[in-house]
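Participant: Okay, sequence plus prediction incoming.
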Amino acid sequence: MAAPTLSPAPLSATYQYPSNVVELRNHANIISKKVNDLKSKRDPTPEQISAHALSIAEAVESACAGRSLELLEPFAAVAVDEIGRLLSSCCAELHFVEKKPRKRERLGNWASRTFSRPPSPSPSPAQSTTSLDDYLASLKAVKALLRIEKGQSQLVYSGTMAPTAVQSAAFLQNEISTSRVIDQVFKTALQTMTNMTDGLPFPYKAVAQTVLQFHEHIESYRQIDDSVGALMSKIDDFVKIVAKPGGRKINSGQETAEAIETFFRAVQSIIVRLEILKATRRVKRFAAPGAVNAALAEADATLDHAQTVFNTTLLVNMDNAVQELRDAQIVGKGNVNYSSELPASPRILHGRDEEVRSLVDFAIDHSRPIRLAIMGAGGLGKTTVAKAVVQHVNVAQSFRDRRFFVTAEAAAGIDDLVTGMLTTFRLAATSDPLASLLQHFRSHDRTLLVLDNLETIWNSANAKQRSATEDVLSKLDRVRSLTLIITCRGADLPPDVEWANRNAVSLPTLTSEAALATFTDIAGHAPASDRLVRDALLKAVDYMPLAVTLLARLVARGKKLRDLDTRWKSSHTSILSTKPNGRLDNVDASIQLSIAYLPSEDPAPLQLLSLCAQLPDGMRLPVRKKLERLCGFRDLDGILDVIQGLALVYVTEDDTIRMLSPIRLYVLEKHRPRDDHCASLLQIYYEIAKQAPWKIGSQFPAARDRILPELSNLDALLSSEIQHFNEQSSTDLIDAVNAVSRFSLHHVPNERLLTALIPHIEHLPKYLASSLWILADIHWRRDAYDLSLEAVTRARSLYRSFGHRSDAADCDLQMGNIHRLKGNYAEAIASLSAARETFYELDIQLDVAYCDRDLALVFYEQQNYDDAAALFTSVREVFLRLDEPAPVAFCQEMLGDIYRMRGDYQAAETHLESALQFYTSLGSMGDIASCSCSLGDVYRCQRRFDAALEHLQVAYDIGKKQGDTLGIANVLQFRSYVHRDQGQLAQARQLLLEAQRLYESIGSARCAEPCAEGLAELDRAEQA
């Protein structure tokens, strides 16, 4: 399908070409002039060079006139600058030919000022190895690359290097399926991506074709440099992650679409760089290793930026593929690990057709709000039925991508669950997470939410916790567009909710036929001689799904049915007498029966099982190896085989030992680990906690990635130990809590562990002071300034009583920052000056520098930019001398922001981009957000609105993830200016009002003032 002909749009009197296009035209005109001067030489090459240069400039201008400032997206910044470098170099070559050194020197200086990357020095007779023929060949190749037809570039118009026929999905699918350069696995991933991106506008839906093109040309690209293979690996990883959700269509405006478009632009810019390197390879200076390496480094950075946007937007870790969950159970994750991934439909499900059909019929009834409860004893298959409902075809068609499955198993309480659900729905971590959730549900026509294992928080012995859970359910019940399903142990329904299936909420046990079918699917057909025993045994366990499953797995492992029957009677009788609920006893008995088959002469399997039960997020391989050494386990792999064979645990693909929820809870209650084993497990996790990074530096990303998978287990173990902390307890617990809490400052600030610990350590004032100081920092990061001031004031008092002048000065430093953010500048300067004086007397140069940096911040916020700039500049040199790169980058960022405030946008851009590159290399998300926000406003002032919105979106997404109200408000304020400058006054007003509300919610009157001024300016603009 041919690209439509582009008719140049008439230019208005005020229209201006982008600066790089203007300079490209200037280069072409200079070449033409020089050629006229060289005509006497009777060489046709210069005239041909001139014709090609002018043709390229005219085609680019034509496209620019037709598409205004959206020229050449997504490769304008790459293609035009690279072609401009070629023409600039050609100008220099023509000067050399003409042998007019003074003019050549002036041109070289002019070209250096024009382009961000200066051209190579003008050639001299001794060093020039490039002829005019080489420039002619390169210009021809560039012209072919741009596909110039009738003076217009079809490549420029379509905005993609992929063939225009990819507008047909069928054509693209065929191209992928018949490709010989990719394997079947990657073909499937690309085809999935094609289906997903079909809803995006052209050319962004051509992203799969663009990736395929990269593969098709990879060998020619490798000839440029072998490191191209690393770029291809990054691109392939991105495609595989995007295709993982299973082919759900992406439409414009979704967050996923924005990430896909960023990735598309990144791949396009990589291909353009490589194609231009190929086109200009005859020009020696462009084929030189230094030039090639620089181009590839920029390409790699472009792709890294796209991956950063994708990670931030979708909360996806590109280093880890999504792990498939076992059919037996979706294991819930505590803390903030709440995935939006739906669990798989159960593989074996007999005897639940009626229940599933009834629940599905209720769920798809949109005539009224539907609330459904799946109740019953542990092991009846409540979670399995809920999975079948949420994956039922009718439910999928009704709710599509508005189906969510959240497990409460690892939640410490209702607050933890609600906060974790913000991640599920990709919402900001605010001070009122429930209100955010309710507003989110009300903003959608329909949502299906399954809350699994609700008993974890509702059946709490803590009456306050139970009441809080009921209150949340009651508020969810008032959202008419929400369809709610809960699974919960027991028979009593949570009150104050109108349950649609009130008369049939409790799951029954299986029928004998369904139990037999389940048993046979797992264990196979029993011999005729054992069938009576088998049937009697199934009846003895009351046909409960979990019991049937466990018994069937024992048979599948080779256990004799008659032996099982004998052992069941013994275990069943002894356990049945302890509790009145027979069905629950049967489940416990079936688990106990499996445990009874552990070798009596070897306690190791049960000891390992009891240790696994302590970890809701599973026991990972490094922990297992350390336990083997500390606890003296012999042949731990063999021990694991025993408990895994009895279906008491299972091992995931990443070699993590996990347990089904009923089994883990039973073992947790009935089989506590030996005290020395508990101590060893705690010691391992205390060591893990100590490794939590607290300072931004080159080692931070790797250390962060090591600690994140263990956060849930750390939370569970430390929370449990805090409850039993007394005067005889080890202070290692305090160190671990402080370390994990301090790490949260750079992840998602979380004060819960410290708040629980502090009342228990009043008798340890030195530890108390340290914990209070960290708590103050967390409150400060969460914009709770009064709470932060209260904690740090108390910590300072304690440090002064110990005579710890340095620590007390740290508190003064913190108090200065709190006062600054509250707009109390006199108090801020007093506190910071006091801290500086102490550090100076103690000769602690680094802390003196930090005080100067924060005093510069006060000057900056007072709009005293001269003093602020001078102080940032001087303290930056101190940080450089002390080899502290992170604060160096911060000073660079602030100097860039001062240039922004002064209107020197080129200098601002240079400083901010340098700082952003450093922050990105460290993965310092908070710094990336603040720097992206300032850079976005610089781009706005340069009227580069697309780039502005892109950087502001990055900052906004990070702010949402970290719960940074101040940062979110800053983004909304700057975003409103972007819309205002484009004449979109209604959108600007809405954003500015929301920013003002957020500033006021954290008591930042200073920041709210510009919003009021902006709103008044909008009033005047609308009246005019």
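Facilitator: That came in fine, so what should we check first? The model shown is predicted, which means the values in this text are computed figures rather than measured ones. Numbering: from 1, shown residues only.
Participant: Mind splitting this protein into its structural domains?
Facilitator: 352-489, 512-596, 855-1023 (the TED database).
Participant: Need those domains in JSON lines (columns: distance to Tyr666).
Facilitator: The C-beta positions use only the backbone N, C-alpha and C, and glycine is treated the same way. JSON lines is the format used below for the domains of the chain (distance: least, CB to CB, whole Å):
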{"stretch": "domain 352-489", "distance to Tyr666": "8"}
{"stretch": "domain 512-596", "distance to Tyr666": "5"}
{"stretch": "domain 855-1023", "distance to Tyr666": "36"}
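Participant: can you list those domains in JSON lines and add distance to Leu627 and mean pLDDT?
Facilitator: As requested, those are exported to JSON lines (distance: least, CB to CB, whole Å; pLDDT from 0 to 100):
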{"stretch": "domain 352-489", "distance to Leu627": "21", "mean pLDDT": "86"}
{"stretch": "domain 512-596", "distance to Leu627": "19", "mean pLDDT": "73"}
{"stretch": "domain 855-1023", "distance to Leu627": "30", "mean pLDDT": "88"}
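Participant: To Gln691, which of those domains lies closest?
Facilitator: domain 855-1023 (16.2 Å; CB to CB).
Participant: before we move on, back to that, so which of the domains of the chain comes closest to Leu303?
Facilitator: Nearest to Leu303, of all those, is domain 855-1023, at 12.1 Å by CB to CB.
Participant: to the chain's geometric centre, what's the distance from that closest one?
Facilitator: Centroid separation between domain 855-1023 and its chain, computed with CA atoms, centre = their mean, to the nearest Å, is 22 Å.
Participant: Adjust the sequence numbering to begin at 125 for everything that follows.
Facilitator: New numbering, starting at 125: the last item is domain 979-1147.
Participant: Select, out of the domains of the chain, the one closest to Arg929.
Facilitator: Going by CB to CB, the one of these nearest Arg929 is domain 979-1147, 19.5 Å.
Participant: residue boundaries of the helices in the stretch 775-924 of the chain?
Facilitator: Here the stretch 775-924 of the chain has its helices, by DSSP state H, counting those that start in this stretch, at 785-794, 799-814, 824-831, 835-847, 856-868, 876-881, 889-905, 909-926.
Participant: Can you say which of those is packed in most?
Facilitator: helix 856-868 (a mean of 23; mean count of other CB atoms under 10 Å).
Participant: by contact count, what packs against that one?
Facilitator: Applying 3 or more CB pairs under 8 Å, 6 or more residues apart in numbering; DSSP states H and E, one finds that helix 856-868 makes contact with helix 799-814, helix 835-847, helix 876-881, helix 889-905.
Participant: ok, which stretches of the stretch 975-1124 of the chain are helices?
Facilitator: For the stretch 975-1124 of the chain, helices defined by DSSP H, counting those that start in this stretch occupy the ranges 989-1005, 1009-1026, 1029-1046, 1049-1065, 1069-1086, 1089-1105, 1109-1125.
Participant: just so I know, which of those helices lies nearest Glu845?
Facilitator: Per CB to CB, nearest to Glu845 of the helices of the stretch 975-1124 of the chain: helix 1069-1086, 27.2 Å.
Participant: Check which helices and strands that closest one sits against.
Facilitator: helix 379-403, helix 413-438, helix 1049-1065, helix 1089-1105.
Participant: Would you mind finding the most buried of those?
Facilitator: Comparing those by mean count of other CB under 10 Å gives helix 1049-1065 as most buried, with a mean of 25.
Participant: Now do it and helix 1089-1105, the angle between them.
Facilitator: Calculated by axes from the mean of the first three to the mean of the last three CA atoms, to 10 degrees, helix 1049-1065 forms an angle of 10 degrees with helix 1089-1105.
Participant: coming back round to it: nearest to Val407, of the helices and strands packed on helix 856-868?
Facilitator: helix 889-905 (51.9 Å).
Participant: Can you give the distance from that closest one to the centre of its chain?
Facilitator: 28 Å.
Participant: what does it contact?
Facilitator: Residues outside helix 889-905 that contact it (CB atoms under 8 Å, 6 or more residues apart in numbering) are 855, 858, 861-862, 865-866, 868-869, 873-875, 878-879, 881-882, 885-886, 909, 911-916, 918-919, 922-923, 925-926, 931, 934-935, 938, 941-942, 945, 1086, 1088.
Participant: Relative to Gln333, which of the domains of the chain is closest?
Facilitator: Using CB to CB, the nearest of those to Gln333 is domain 979-1147, at 22.6 Å.
Participant: Could you tell me the end-to-end distance of the closest one?
Facilitator: End-to-end span of domain 979-1147 (CA to CA, to the nearest Å): 42 Å.
Participant: Now Pro1134: closest residue in space that isn't a chain neighbour?
Facilitator: In this structure, Pro1134 finds its nearest non-sequential neighbour in Gln1097, 6.8 Å apart by CB to CB, 6 or more residues apart in numbering.
Participant: With Gln172 instead?
Facilitator: Leu260 (5.6 Å).
Participant: From Val407, how far out is the one you found?
Facilitator: 10 Å (CB to CB, to the nearest Å).
Participant: before we move on, what about Ile1126?
Facilitator: For Ile1126, the distance to Val407 - CB to CB - is 56 Å.
Participant: do Gln1114 as well
Facilitator: 52 Å.
Participant: any chance of the helices of the stretch 775-924 of the chain in JSON lines, with mean pLDDT and distance to Glu1133 too?
Facilitator: As requested, these are exported to JSON lines (pLDDT from 0 to 100; distance: least, CB to CB, whole Å):
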{"stretch": "helix 785-794", "mean pLDDT": "76", "distance to Glu1133": "52"}
{"stretch": "helix 799-814", "mean pLDDT": "91", "distance to Glu1133": "43"}
{"stretch": "helix 824-831", "mean pLDDT": "79", "distance to Glu1133": "36"}
{"stretch": "helix 835-847", "mean pLDDT": "89", "distance to Glu1133": "39"}
{"stretch": "helix 856-868", "mean pLDDT": "90", "distance to Glu1133": "32"}
{"stretch": "helix 876-881", "mean pLDDT": "90", "distance to Glu1133": "33"}
{"stretch": "helix 889-905", "mean pLDDT": "91", "distance to Glu1133": "22"}
{"stretch": "helix 909-926", "mean pLDDT": "92", "distance to Glu1133": "17"}
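Participant: Present the ones you listed as TSV; the columns should include distance to Gln1106.
Facilitator: Listed next are these as TSV, based on distance: least, CB to CB, whole Å:
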stretch	distance to Gln1106
helix 785-794	53
helix 799-814	49
helix 824-831	37
helix 835-847	42
helix 856-868	39
helix 876-881	43
helix 889-905	33
helix 909-926	35
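Participant: for the closest residue to Glu637 other than its chain neighbours, what are its contacts?
Facilitator: Excluding the flanking residues, the one nearest Glu637 by CB to CB, 6+ apart is Gly475, at 7.2 Å. Counting by CB under 8 Å, 6+ apart, Gly475 makes contact with Leu634, Thr635, Glu637, Ala638, Ala639, Ala641, Thr642.
Participant: Of those residues, which belong to helices?
Facilitator: Glu637, Ala638, Ala639, Ala641, Thr642 (DSSP state H).
Participant: Pull out the buried residues from those.
Facilitator: Buried subset of the ones in helices among the contacts of Gly475 (neighbour count, 16 or more other CB atoms under 10 Å): Ala638, Ala639, Ala641, Thr642.
Participant: which of those residues lies closest to Lys267?
Facilitator: Thr642 (70.2 Å).
Participant: In the protein, where's the longest strand?
Facilitator: Scanning the chain for the longest strand, with DSSP state E as the assignment, gives strand 606-613.
Participant: returning to what we had before: how about the helices of the stretch 775-924 of the chain, which one is nearest Asn160?
Facilitator: helix 824-831 (56.9 Å).
Participant: got the angle between that closest one and helix 1029-1046?
Facilitator: 40 degrees.
Participant: From the chain's centroid, how far away is helix 824-831?
Facilitator: For helix 824-831, the separation from the chain centroid amounts to 15 Å (computed by CA atoms, centre = their mean).
Participant: hmm, who's touching it?
Facilitator: Asp443, Ile812, Gln815, Ala816, Pro817, Phe867, His870, His871, Leu1046, Gly1047, Ser1048.
Participant: Got a quick PyMOL command for the buried subset of these?
Facilitator: Burial among the contacts of helix 824-831 is assessed by 16+ other CB under 10 Å; the matching PyMOL selection reads:
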select buried, resi 812+816+817+867+870+871+1046+1047+1048
